[in-house]
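Visitor: here is my input; please provide its structure:
(one chain, ligands or ions: 1)
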Amino acid sequence: MKKDLLIAGWCILLSTWGATGQVTLQHLLTENLVNPLGINVAAPRFSWQLTAAQRNVQQAAWEIKLTAGKTAVWNSGKVNSAQSVQVPYAGNPLQPATKYSWQVRVWDTAGKVTPWSAPATFQTALSSPADWKAQWIIPGFTEESDRPAVLYRKTFTLPKKIRTATAYITAHGLYEAQINGQRVGDAYLTPGWTSYNKRLQYQVYDVTSLLVTGANAMGVTVGNGWYRGYLAWGGNKNSYGSDAGLLVQIAITFTDGSTQNLITDGTWKSSTGPIRYDEIYHGETVDTRAEKSGWTNAGFNDTDWSQTQTSDFSKDVLVTTYNEPVKKHETFKPIKVLTTPNGKTVLDFGQNLVGWVMVKAKGNSGDSIVIKHAEVLDKYGNFYTENLRVAKATATYILDGKEERTLEPHFSWFGFRYIQVEGYPGEINPDNFTAVALYSDMQPTGTFTCSQPLLNQLQHNIQWGQRGNFLDVPTDCPQRDERLGWTGDAQAFSRTASFNFGVNNFFAKWLHDVTADQRADGAVPHVIPNVLGPNSSASTGWADVCTIAPWNMYLAYGDKRILEEQYSSMKAWVGYMQAQSKNDLWQTGFHFGDWLFYRPFDDNDGKAAVTDKYLIAQCFYAHSTQLLINAAKQLGKTEDVTTYGELLQKVKAAFVNEYLTPNGRLVSPTQTAYVLALQFDMLPEALRAQAAARLVQNIKDYRNHLTTGFLGTPYLCHVLSRFGYTDMAYTLLLQETYPSWLYPVKMGATTIWERWDGQKPDSTFQTPGMNSFNHYAYGAIGDWMYRVIAGLDTYEDGPGYKHIKIQPHPGGGLTNAAATLQTYYGTVSSGWSTNGNELTVDVEVPANTTAAIYLPASPESTITESGIALSAQKDLQVATSDDQYVMVKAGSGKYHFVISGAH
Ligand code: BGC
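Guide: You can find the predicted model right below:
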């Protein structure tokens, strides 16, 4: 009813606006990617952006035409619809391994049609295991115990002129491929990490330009990686198998239309080369003396290489890659070369990052350069690696005495700001060391800036925490012997992540592994991919990633398919909690609880900030049930809406009965308890305001500090704002002594720390067993900075910023703040700035979206937009006002508001 009214309101508004001028179409995406290869969905979804100089541009209809070469495959005809994001293909079934091209044109609400867009392309993947002619191969020699990386090679002849060639490659381990001496693609750490025994990704490459008519060679190096390297703890390795397998298929089409396949089979050769050791945690040893010069070229003599063996490893588990691969990104030069008090040579790159250092060196044969990695220096200024636990995080390069060269690892990476260099031949020249950040190639989408430099540094740290830990899977940390897809951390950070970078496909891919590794009884493992065994499952706030992350992706990207694909997983998890409960109360099982909450006065008078774990469990039980209901509504599953609606009432009633006194005190009187109870609407309406007041009192009792851990922290400031305490939220955010977000910033952090007090003011460290300096979880405050400080948000009834909510919250002594977000529709931005009692608000609303803009003003304030009194501004409609905000409805365009006498 409410939604209908809203839509009707918009229609009236939009029909009064007439768009004139030229609309153009750009940023065409297929399955959210630019011209992707390897699409394996029956109905790929198409998105495009409308751009126009004028305001209030709305799409009224669209038309798509799709071709394969010169053959017309689908013409949608004119479809009356405003949808411009994730429009599904609706033609005849697409053929596998085929390149398609599409164009779109649209009509605006004034009936004006755009020219056809420039074409976008996509190529479909192999469609079934039978499409794989290639055989899995493994080395034909017995491997040494250290398992040097395996080299595979094959020489082959292509008799004719080549028109196109597509390579499909995957491995058991990590691979890097070359054809005729040139690297295939620019992705690293391929095939990425999935639950390999259920889903193994292959990558698709256009290799047309690498091949020649005549003799060719392909060489592929396979390292240990997640598949068979050390992973988790206790010397655990071979998580998925013990053989370094390779599977390659190259489909070549000649200009005369004939085809040929190059496939892995028993005719390939195998050997080892310069990579003598490679382990994710421990590092890599490259002995350049063992290099096989020219081994990926046709002329190379491989007579002393071993044959390969074929293997019947499954091809049923093969899936195409849906997310953006890991690539090299920013580079850093040392900002300082230090000699530490204990005499070590240390280079400081000025940024805690994840990747490796490229080292230029020339020396004698046998010279060995050893590079160790650390995030921090200790209080004396010495290189500190204790917090890496058993991870050796060491790159070793042994020189061959020949020309100068640049060395880097291939199958190991490090979380570091500092390196310690030993054995470097000659003087250390900082120019010879370049740190490069590697992470999933997600598009940067969000910016947040404000007048407070410490907050800007916090935003920087949050974004670098994301870069470092979005390396194909969302990890807890990137440096110690862990680096696992911890579900609790991922759910806490998922909404913030969706502001900073485009993570739609990143999460869609990882959520498939959540489903793959979810137990039959619905329990979701602590880490995904699950390498800890089936019993490490079902912790509250961790397992709930299966409801929280899909819902957050739906909100951020309007991606309904994520809800469709994850729905049964969501339902199974709620079912698990239901089965564990007695009288609707869930009080069984192991839970991490409010992990790493701050324990200020541990044994002082109940003020230890310990939140009952089952109280937390009941809150997340309700939350997951609510999100399941939300998803059911979107998917039209009305029966489930009713069934789970009833369950939700019972879960909340059981909570009230067990954990709330009649006067409204929670049995755990902690910040996290009040935050979760309020955020998830666990309390009767009448008792909410007093609960919020208790929360504020609790914060004051801790001298305006937070005490929350992984589960309470993401919602803390949101709850304060919702109940009218934005001032207190600002106080917490701007607090500079620990526990707080800015304390690490004051201590020089360049990423988010695992613990509030990872390094104490006297520079001593927290316990080394759990002290990462790059853990994104507490970076979840970023969501509040975007959505509340800058006020940039989406409505649930128009997710993915189709229907935008702009509501700035000036405060905290800031004089300005601004956020921008690249959405599928285009740029959304919201910025404000104060000057005396004048407030300016600048907003950008992309074409084909609408916005409700809440201007901080009282009815008495004077408001202008682009110099015109608001009441006279025909482009906007004043909808509501109270003593806090005047709300205007806007279509697309850039708006400049000046509010005099704001507050
Ligand atoms: C990880 C976390 C994770 C936790 C589970 C730690 O070792 O680093 O971030 O969520 O275990 O409590």
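
Visitor: what sits against the residue nearest the centre of the chain?
Guide: By Cα atoms, centre = their mean, the chain has its centre lying nearest to Val503, at 4.4 Å. Contacts for Val503 (Cβ atoms under 8 Å, 6 or more residues apart in numbering) come out as Met442, Phe470, Ser494, Ala497, Met553, Ala556. Just so you know, the C-beta spots here come from the backbone N, C-alpha and C atoms, and that holds for glycine as well.

Visitor: which of these fall within strands?
Guide: Phe470 (DSSP state E).

Visitor: where does the residue in the stretch 601-750 of the chain that the ligand sits nearest to land in three-state SS?
Guide: Nearest to the ligand in the stretch 601-750 of the chain, going by Cβ to the nearest ligand atom, is Phe710, at a distance of 6.4 Å. The assignment at Phe710 comes out as coil when based on DSSP: H, G, I helix; E, B strand; the rest coil.

Visitor: could you give the number of residues near it?
Guide: Residues near Phe710, counting by other Cβ atoms under 10 Å, number 27.

Visitor: what do you get for Tyr384?
Guide: 21.

Visitor: buried set for stretch 233-245?
Guide: Judged by neighbour count using 16 or more other Cβ atoms under 10 Å, the buried positions of stretch 233-245 are Ser239, Tyr240, Gly241, Asp243, Ala244, Gly245.

Visitor: hmm, who's touching that stretch?
Guide: Under the contact criterion Cβ under 8 Å, 6+ apart, stretch 233-245 has outside partners 136-139, 143, 147, 149-150, 171-173, 196-197, 222-224, 226-232, 311, 313, 390, 481, 531.

Visitor: and with 6 Å instead?
Guide: 136, 138, 150, 172-173, 196-197, 222, 227-228, 230-231, 313, 531 (Cβ atoms under 6 Å, 6 or more residues apart in numbering).

Visitor: dump those residues into CSV; add pLDDT, neighbour count and distance to the ligand as well.
Guide: Output for those, formatted as CSV (pLDDT from 0 to 100; neighbours: other Cβ atoms under 10 Å; distance: Cβ to the nearest ligand atom, whole Å):
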residue, pLDDT, neighbour count, distance to the ligand
Trp136, 98, 23, 34
Ile138, 98, 22, 34
Val150, 98, 29, 32
His172, 98, 25, 27
Gly173, 98, 27, 25
Tyr196, 98, 24, 22
Asn197, 97, 15, 23
Val222, 98, 29, 29
Tyr227, 98, 26, 22
Arg228, 98, 23, 23
Tyr230, 97, 20, 16
Leu231, 97, 25, 14
Phe313, 97, 18, 32
Val531, 98, 20, 13
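
Visitor: so of the residues you listed, which ones are in helices?
Guide: If you go by DSSP state H, those have Tyr227, Arg228 in helices.

Visitor: and of the contacts of stretch 233-245, the nearest to Gly185?
Guide: Relative to Gly185, the closest of those is Val222; by Cβ to Cβ it sits at 15.5 Å.

Visitor: which residues does the closest one bridge with?
Guide: Val150, Tyr175 (DSSP bridges).

Visitor: my read: it touches Ala171, true?
Guide: Yes. If you go by Cβ atoms under 6 Å, Val222 and Ala171 touch, sitting 4.9 Å apart.

Visitor: neighbouring strands - and their directions - for the helix or strand encompassing Arg163?
Guide: In the assignment (DSSP states H and E), Arg163 maps to strand 162-171. Applying DSSP bridges to the sheet, strand 162-171 is found paired with strand 200-206 (antiparallel), strand 246-254 (antiparallel).

Visitor: what comes up buried for the helix or strand following the last one?
Guide: Past strand 246-254, further along toward the C-terminus, the next helix or strand under DSSP H and E is strand 259-263. With burial defined by 16+ other Cβ under 10 Å, the residues of strand 259-263 counted as buried are Gln260, Leu262, Ile263.

Visitor: give the contact list for Gln86.
Guide: Taking Cβ under 6 Å, 6+ apart as the test, what Gln86 contacts is Arg45, Ser47.

Visitor: phi, psi of it?
Guide: Dihedral pair for Gln86: phi 60, psi 50, per degrees, to the nearest 10.

Visitor: where does the closest residue to Val354 other than its chain neighbours fall, phi/psi-wise?
Guide: Among residues not flanking Val354 along the chain, Gly468 sits closest, at 3.7 Å (Cβ to Cβ, 6 or more residues apart in numbering). Note on Gly468: backbone dihedrals following degrees, to the nearest 10 are phi -70, psi -20.

Visitor: how many residues are close by Tyr885?
Guide: With other Cβ under 10 Å as criterion, Tyr885 counts 16.

Visitor: how much space separates it from Pro810?
Guide: Look at Tyr885 and Pro810: by Cβ to Cβ, to the nearest Å, they are 12 Å apart.

Visitor: low-confidence stretches in the chain?
Guide: Applying pLDDT under 70 to the chain picks out residues 1-20, 600-608, 902-903.

Visitor: OK, contacts around whichever residue of the stretch 301-450 of the chain sits closest to the ligand?
Guide: Taking Cβ to the nearest ligand atom as the measure, the stretch 301-450 of the chain has Arg389 as its residue closest to the ligand, at 10.0 Å. Arg389 sits next to Arg480, Asp481 when contact means Cβ under 6 Å, 6+ apart.

Visitor: near the ligand, which residues of the stretch 351-500 of the chain?
Guide: Contact residues (Cβ under 6 Å from any ligand atom) of the stretch 351-500 of the chain with the ligand: Asp476, Cys477, Glu482, Trp486, Gly488, Asp489.

Visitor: quick one: which helix or strand includes Ala572?
Guide: helix 560-580.
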